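Colleague: pasting the sequence and the predicted model now:
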Amino acid sequence: MSKVLFASAKLEKLDKEYSLPYKFKKLLAMSTLKSMISPGNYVAIKLHVGDMEFGGYRYIRPLFVKILVDYVMELGGIPFLVDTWGLKHVITGIKNGFNYTTIGAPLIPIAGIKEHFVVKVRVPNPFRIEEVDVAGEVYYADILINFAHAKGHPSSGYGGAIKNIAMGCVGPSTRSKIHNFEKEDDSGTAFQEAMIDAFHAVILNKINKVYHINYAVDIQPTCDCAPWSDIPIVPDIGILASEDPVALEKATLDLINKQPIVPHSIAERIGIEVNDNKFLLIHNKDPYIQIHAAAKKKLGSPNYTIVRI
Amino acid sequence: MLEIKIIIDEDRCIGCGQCVVSCQNNVYEIINGKSKVIRPENCTYCRACIIRCPTSAIKIIPRDVYAYYAKFYEE
């Protein structure tokens, strides 16, 4: 049974201590990051910094990234933010508020200015992909903090902690390989199994050195890479975190599915209800496939217990 | 199935072939000194060509990446 820490977006009392930024600080203090990070460690924080056409706006708010960066520095780590798509995307991220002035840590391209900086890693017992181009800055980082936005995705139904690493910490050729599986299987199974292979390759040299966080706020129907945003499909949930990515993803998806629908969202238009597998109905791809596949590879456990902050 | 529209700004394109070598799905060819989209159906929207194009001449519109979902936005 894996522990999943949960800071709820709900303000239980009219007091800043009950507001999400303050609860996120408490969550971090309760996390295993303390024992994971040693002074002087290079700590890569992977997040999505928004689309390059500036149409989307529901990515992780910079305030929460600053809280994480401050905590890493408190532990003596050297934090830096990373995202894919090279230097052009870093410039997008800086414009979207992920810059040194607001965050206190540099944002750098995860695999070099044009994404040539990758390390080839063989996947143990692969489902679909035998070799993965792992993004160089993550491969060589001492610690990886996987700060994902939980939301829908057209290729896998849902994108959270697993997808943030699987598609977000690899080079373009691996991204392309994974996307190619959509052409032969539109159920999303092959795509999600390929994601798990990529995920496995990225974390391979980081035993007990990866921490996963799901930002379940602004849970919109599609990915942060899309040049648009829509009304979130369910009310904000909060922030969940665990060193077990499978438990974390299962807990996040279960909570999303237990939520009611937000009026005027696309979920309401489709007729989705409480307890429906919401992203399956929105994208016709069952998002639990990635969880079952990751559990099958023993990358974590789908059995979890939630510890509320 | 992804349906992708790829637009090349020919005024910007210098025919360097970076898109040809960076694309692992053979979408592009250089014809008469300019990049041409020959096999758009092969594109997976990995964005390697966009990232590596030295003159930012490539734009990709992933019309049907959202195919299933897109129908909910039709009147």
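Modeller: That came in fine, so what should we check first?

Colleague: A:Pro39: how many residues sit nearby?
Modeller: As a burial measure, A:Pro39 scores 8 neighbours (other Cβ atoms under 10 Å in any protein chain shown). C-beta here means a position set from N, CA and C on the backbone, and glycine is covered the same way.

Colleague: surely it touches A:Gly77?
Modeller: Yes: contact status for A:Pro39 versus A:Gly77: in contact at 7.4 Å, counting by Cβ atoms under 8 Å.

Colleague: and the strands in chain B, which stretches?
Modeller: For chain B, the strands defined by DSSP state E cover B:5-8, B:28-31, B:34-37, B:58-61.

Colleague: give me the mean pLDDT for the third one.
Modeller: So that's strand B:34-37. Strand B:34-37 shows a mean pLDDT of 96.

Colleague: follow-up on the earlier one: mean neighbour count and distance to chain A added to the strands of chain B, as TSV?
Modeller: Below are the strands of chain B laid out as TSV (neighbours: other Cβ atoms under 10 Å in any protein chain shown; distance: least, Cβ to the nearest Cβ, whole Å):
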stretch	mean neighbour count	distance to chain A
strand B:5-8	16	13
strand B:28-31	16	14
strand B:34-37	19	16
strand B:58-61	17	9
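
Colleague: nearest to A:Pro245, of the ones you listed?
Modeller: Of all the strands of chain B, strand B:58-61 sits nearest to A:Pro245, with 30.1 Å by Cβ to Cβ.

Colleague: listing partners with orientation, what would you give for the closest one?
Modeller: With DSSP bridges as the test, strand B:58-61 is paired with strand B:5-8 (antiparallel).

Colleague: now do the partner strand, average pLDDT.
Modeller: 92.

Colleague: and what of stretch A:188-206?
Modeller: Averaging pLDDT along stretch A:188-206 yields 97.

Colleague: buried ones in that stretch?
Modeller: A:188-203, A:206 (16 or more other Cβ atoms under 10 Å in any protein chain shown).

Colleague: check contacts around the residue most central in space within chain B.
Modeller: The residue lying closest to the centre of chain B (Cα atoms, centre = their mean) is B:Ile6, at 3.7 Å. Listed by Cβ atoms under 8 Å, 6 or more residues apart in numbering or on different chains, the contact set of B:Ile6 reads B:27, B:37, B:40, B:43, B:58-61.

Colleague: of these, the lowest pLDDT goes to which?
Modeller: Among the contacts of B:Ile6, B:Ile61 has the weakest pLDDT, 82.

Colleague: relative to A:Gly171, how far out is the nearest residue to that one once chain neighbours are set aside?
Modeller: Leaving aside its sequence neighbours, B:Ile61 sits nearest to B:Lys5 (Cβ to Cβ, 6 or more residues apart in numbering or on different chains; 4.3 Å). B:Lys5 sits 24 Å away from A:Gly171, going by Cβ to Cβ, to the nearest Å.

Colleague: next: A:Val82.
Modeller: Taken as Cβ to Cβ, the span from A:Val82 to A:Gly171 is 13 Å.

Colleague: identify the contacts common to those two.
Modeller: A:Ala135.

Colleague: same for the helix or strand harbouring A:Ile91, what does it pack against?
Modeller: Taking DSSP states H and E as the definition, one finds A:Ile91 inside helix A:86-95. Applying 3 or more Cβ pairs under 8 Å, 6 or more residues apart in numbering or on different chains; DSSP states H and E, we find helix A:86-95 packed against strand A:78-83, strand A:107-109, helix B:48-52.

Colleague: just how off-centre is the shortest one within its chain?
Modeller: So that's strand A:107-109. 17 Å (Cα atoms, centre = their mean, to the nearest Å).

Colleague: tell me the mean pLDDT for that strand?
Modeller: For strand A:107-109, mean pLDDT is 98.

Colleague: swap in the last one?
Modeller: For helix B:48-52, the mean per-residue pLDDT is 94.

Colleague: residues of the stretch 1-150 of chain A that sit close to chain B?
Modeller: A:85-86, A:88-89, A:114-115 (Cβ under 8 Å from any Cβ of the partner chain).

Colleague: now do 7 Å
Modeller: Counting by Cβ under 7 Å from any Cβ of the partner chain, the stretch 1-150 of chain A comes close to chain B at A:85-86, A:88, A:114-115.

Colleague: top of those residues by neighbour count?
Modeller: A:Glu115 (28 neighbours).

Colleague: pLDDT score for it?
Modeller: 95.

Colleague: which residues in the stretch 1-150 of chain A form strands?
Modeller: Under the criterion DSSP state E, counting those that start in this stretch, the stretch 1-150 of chain A contains strands at A:2-8, A:42-46, A:78-83, A:107-109, A:118-122, A:131-135, A:143-149.

Colleague: re the thing from before, how far does the helix holding A:Ile91 sit from the chain's center?
Modeller: A distance of 18 Å separates the centroid of the chain from that of helix A:86-95, by Cα atoms, centre = their mean.

Colleague: mind listing what's buried in it?
Modeller: Buried, per 16+ other Cβ under 10 Å, within helix A:86-95: A:86, A:88-90, A:92-94.

Colleague: closest one to chain B out of the residues you listed, please.
Modeller: The nearest member of the buried residues of helix A:86-95 to chain B, counting by Cβ to the nearest Cβ, is A:Gly86 at 4.2 Å.

Colleague: nearest spatial neighbour of that closest one, skipping sequence neighbours?
Modeller: Leaving aside its sequence neighbours, A:Gly86 sits nearest to B:Ile51 (Cβ to Cβ, 6+ apart; 4.2 Å).
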